[in-house]
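# based on what follows, work out the 3D shape:
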Amino acid sequence: MYIYFHQRSISFRTEARPLPPMPIRTRQKASSFPRRRSSQLWSDTVDSMSHELSTKEIKRQEIIYELTQGEKQLIEDLSLVKKVYYEPMLKLDIMTESELGQIFGTLDSLIPLHEDLLARLEGLRGAEKTVQEVGPTMMDWFPCLEAYITYCCNQVGAKALLDQKKQDRRVEHFLRLCQESSFSRKLDLWNFLDLPRSRLVKYPLLLKEIQKSTPPEHPDEDALPEAIELIQKIITEVNLKTGEAECQFYRRGLCYSEDSQRVSEIQASRFLYCHGELKSTKGQKLHVFLFELVLVLTRPLAQDREGPAQFQVYRQPLPAAHLHLEDLPDGEPSSSGSFRGAFTGNDKVKNCFRVSTTGRTKSQSHSLQANDSFNKQQWISCLRQAMVQSRDRQAQTSHCKPSERLSPDPGHRCYPFQQFSHKHRISLLLSP
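Sure, this is the predicted structure:
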């Protein structure tokens, strides 16, 4: 479904996971983007209190106010995107209506959903500007977020098309002027288009913070856990569907030089663990895809401005169930994975690992170099996870009747983040 990109980190299974994977890239420096906005506190809106509130209750009201303000800011940003990006590009014929429709997807349909929640939350504020119960309101509203499935599934193709259109000077010039304008806060168009995804994964965090500040016997005591469980289920469903859409998108971009390369594991895979650029033993740049069941090394083909990216499959795909992984220490790899002469002027080769396979096809071995140590550890972590899951699936399949065979748990996927500078706020980061 990265959701793919300048990769920053990997998220593992959590109670509420960030949205699907994108390419692994080098770890970036701290973002140069400014914070979203200066945030006003709930206490700043209250002139005086007729009764004293406990410190815990004040904190609870602050978090509920943050939830409300977040909705207001999201609505403002999504409306801004339509007015300053979509409409001008359409009127100036910078892109066609069809192209803009693919890039912006169903963004318009999300604005009324969040306007509805904002109205509900503001309606909860009493005379003292306090909110008593928020759980039931969120429970009633969360089912509307199923609309995010369509929007997020479209994002893979949307990002690819936007990157492709940036090769057009008129598009690049327009987007650069917008980013340099004050209204953008130095965010580019894709940052704005990804705001709904960022907002989606923020809900469980906010509700859990509210729950921590909710005393026993409070009317919200039972409703909040139910609301958290519901939003986590919705996020899981969005993850699953978007992951399937992303897998299909990149699978369609594979070009085969031989029919033997069309291994069954490629078509049977439902999602991507990760993908990105690595170097081969000869210093060649390869784009490597780790699908659910198979590792595929490719060479990017020259991209047609009017067509999607294409990837020429390099050598034979390596089934994950038969993979062997070796973490190579810094220094020149030996034997089957020598980098000798590949990197002129380098005394030592760093950030390398080797993948090999034996089994139904002739043995293969590929020594690959990542951009840096963090990037290498991301690859190794994803590869190990894919190997374990594929072998578990193979063992399960061999012991079950056809009607009883199960697919791997999609919740065990690792999700590399997208390039976006604003963080996907709920994740467990992988330390190198």
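# C-alpha only now, for contacts and for neighbours.
Noted.
# so how many other residues sit close to the closest residue to residue 133 other than its chain neighbours?
Closest residue to residue 133 apart from its sequence neighbours, by CA to CA, 6 or more residues apart in numbering: residue 220 at 5.5 Å. Counted by other CA atoms under 10 Å, the residues lying close to residue 220 total 19.
# residue 220 and residue 214 touch, don't they?
Yes. Applying CA atoms under 8 Å, one finds residue 220 in contact with residue 214, separated by 7.2 Å.
# in the stretch 151-300 of the chain, which spans are strands?
Applying DSSP state E, counting those that start in this stretch to the stretch 151-300 of the chain gives strands spanning 254-255, 272-279, 285-291, 294-300.
# now those strands in CSV, with mean neighbour count, distance to residue 175 and mean pLDDT?
Listed next are those as CSV, based on neighbours: other CA atoms under 10 Å; distance: least, CA to CA, whole Å; pLDDT from 0 to 100:
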stretch, mean neighbour count, distance to residue 175, mean pLDDT
strand 254-255, 18, 30, 95
strand 272-279, 26, 25, 93
strand 285-291, 22, 27, 95
strand 294-300, 23, 26, 94
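# for those, which one sits closest to residue 58?
strand 272-279 (42.2 Å; CA to CA).
# so which elements touch the closest one?
Here strand 272-279 touches helix 220-252, strand 285-291, strand 364-369, helix 373-399, strand 415-416, going by 3 or more CA pairs under 8 Å, 6 or more residues apart in numbering; DSSP states H and E.
# make it 10 Å
helix 220-252, strand 285-291, strand 294-300, strand 364-369, helix 373-399, strand 415-416 (3 or more CA pairs under 10 Å, 6 or more residues apart in numbering; DSSP states H and E).
# what angle separates the first one from strand 285-291?
In other words, helix 220-252. Here helix 220-252 points in a direction 130 degrees away from that of strand 285-291 (axes from the mean of the first three to the mean of the last three CA atoms, to 10 degrees).
# helices or strands up against helix 220-252?
Applying 3+ CA pairs under 10 Å, 6+ apart, we find helix 220-252 packed against helix 135-141, helix 147-165, helix 195-200, helix 203-212, helix 264-268, strand 272-279, strand 285-291, strand 311-313.
# buried residues, it. List them.
Neighbour-count burial for helix 220-252 flags 220-221, 223-225, 227-228, 230-232, 234-251 (criterion: 16 or more other CA atoms under 10 Å).
# check residue 2 and give its pLDDT.
At residue 2 the predicted local distance difference test score is 37.
# now swap in residue 327 and tell me
So residue 327 comes in at 93 (pLDDT).
# partners of whichever strand or helix holds it, with directions?
Assessed by DSSP states H and E, residue 327 sits inside strand 323-328. Strand 323-328 has its sheet partners listed here by DSSP bridges as strand 352-357 (antiparallel).
# relative to strand 294-300, how tilted is the partner strand?
Using the same axes, to 10 degrees: strand 352-357 against strand 294-300 is 120 degrees.
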